[in-house]
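Student: structure for the following, please:
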Amino acid sequence: MPQITYTEHDGATRVVEGNVGDSVMETAVRNGVPGIVAECGGSLSCATCHVFVDEDDLDRLDPMSEMEDEMLYGTAVDREDNSRLSCQLRLKDGCDLRVTTPETQV
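Tutor: Next comes the predicted model:
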């Protein structure tokens, strides 16, 4: 099972095992991880699941879609080069991820 390390903006971390095919957002919500609101439930319409992906993990992710790229301009905390929407990050076998949540999602 892939593991996701969620780091809050204040440095607190939580490691959660996820299911292959689930999103980083679904895994966070299911496990009560703070910092991911997910108002739209993963339909790519709210940007409240914004995360900063660890630089070393970016190359292992599927490319960002145009819609995700546009949605990232509506985040509560300014996007960075490693910004992604966690609803769009699908877990893969043998691919652990590290993400940091912004200070706020709304």
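Student: spell out for me which residue occupies the centre of the chain.
Tutor: Central residue of the chain (C-alpha atoms, centre = their mean): Ser86, 2.7 Å from the mean position.
Student: mind listing what that one touches?
Tutor: Ser86 makes contact with Ser23, Val24, Met25, Ala28, Ile36, Ala38, Cys49, His50, Val51, Val99 under the criterion C-beta atoms under 8 Å, 6 or more residues apart in numbering. The way it works is simple: take the backbone N, C-alpha and C, and place the C-beta from them, glycine included.
Student: go ahead and build a PyMOL selection from the buried members of those residues.
Tutor: The buried residues among these can be selected in PyMOL (16 or more other C-beta atoms under 10 Å) with this line:
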select buried, resi 23+24+25+28+36+38+49+50+51+99
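Student: mind checking which of the contacts of Ser86 land in strands?
Tutor: Of the contacts of Ser86, the ones assigned to strands by DSSP state E are His50, Val51, Val99.
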